[in-house]
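Peer 1: What follows is a protein structure lacking sequence information:
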């Protein structure tokens, strides 16, 4: 299978051979699910914390005597039944991260990229160079290539001008071919990839 290489004006500049095998059946769908769930779980801070009855600050004095007041028995101001008391089975700091094997992540990336290539959502260009960090210039370039929806831009190495230009647009994400994951591949509606970045992904999928 081949991909068409275009310039930043959308004009065809040749073809690029895909060296890794494209997945055309349902194989890898579960790997994608596992990888995406693990990625989203890792984004959770896990810092929610409530105090138990023993952690609430205050006196250990009994609110009133056991008998004779006509009121219900009470042994502590920190009771969960009281306002300001402890919380029963409340959240505590925890680690939400999940372990996914390298082979599973690799299969998920290949499956996700195969789906996007088959659907015609991947555009390859020789390079993406901005003369200055201007969002207007980047948006104009994407519009010329008919990429006006949410776009994932893949480059071989981090470019400060590109990063600064893209950060003001919510629907544009920039990543490197060496660091992109299956979730990012699936998240955006279109993918704009440089030739070198695509080679980086192919190298990852060849191991």
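Peer 2: Perfect, I can see it now. This is a predicted model, so every value here is computed, not measured.
Peer 1: can we go C-alpha only for contacts and neighbour counts from here?
Peer 2: OK.
Peer 1: how close does the most far-flung residue of the chain relative to its centre get to residue 190?
Peer 2: Relative to the centre of the chain, the most outlying C-alpha is that of residue 68, 61.4 Å out, by C-alpha atoms, centre = their mean. Going from residue 68 to residue 190 by C-alpha to C-alpha, to the nearest Å gives 74 Å.
Peer 1: Neighbours of residue 170, how many?
Peer 2: Around residue 170 there are 9 other residues, counting by other C-alpha atoms under 10 Å.
Peer 1: Next one: it from residue 44, what distance?
Peer 2: In terms of C-alpha to C-alpha, residue 170 sits 20 Å off from residue 44.
Peer 1: Start and end of stretch 157-171, how far apart?
Peer 2: This stretch, stretch 157-171, spans 21 Å end to end (C-alpha to C-alpha).
Peer 1: and what of stretch 91-111?
Peer 2: Terminal-residue distance, stretch 91-111 (C-alpha to C-alpha): 36 Å.
Peer 1: Give the buried residues for that stretch.
Peer 2: 97, 104, 105, 106, 107, 108, 109, 110, 111 (16 or more other C-alpha atoms under 10 Å).
Peer 1: surely the third one meets residue 35?
Peer 2: Translated: residue 105. Yes. Residue 105 lies in contact with residue 35 (C-alpha atoms under 8 Å); the separation is 6.1 Å.
Peer 1: so what are the domain limits for this structure?
Peer 2: 2-44+97-206, 47-95 (automatic domain parsing).
Peer 1: and residue 47, what is it in contact with?
Peer 2: 92, 93, 94 (C-alpha atoms under 8 Å, 6 or more residues apart in numbering).
Peer 1: where's it relative to residue 112, distance?
Peer 2: Taking C-alpha to C-alpha, one finds residue 47 at 31 Å from residue 112.
Peer 1: Low-confidence bits of this structure, can you list those?
Peer 2: 207 (pLDDT under 70).
Peer 1: Show me the helices in it, by range?
Peer 2: 29-42, 102-118, 135-144, 160-166, 182-187, 195-206 (DSSP state H).
Peer 1: and those helices as JSON lines, adding distance to residue 83?
Peer 2: Formatted as JSON lines, those follow (distance: least, C-alpha to C-alpha, whole Å):
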{"stretch": "helix 29-42", "distance to residue 83": "33"}
{"stretch": "helix 102-118", "distance to residue 83": "48"}
{"stretch": "helix 135-144", "distance to residue 83": "51"}
{"stretch": "helix 160-166", "distance to residue 83": "48"}
{"stretch": "helix 182-187", "distance to residue 83": "43"}
{"stretch": "helix 195-206", "distance to residue 83": "56"}
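Peer 1: Any idea which of the ones you listed gets closest to residue 7?
Peer 2: Nearest to residue 7, of all the helices of the chain, is helix 135-144, at 10.2 Å by C-alpha to C-alpha.
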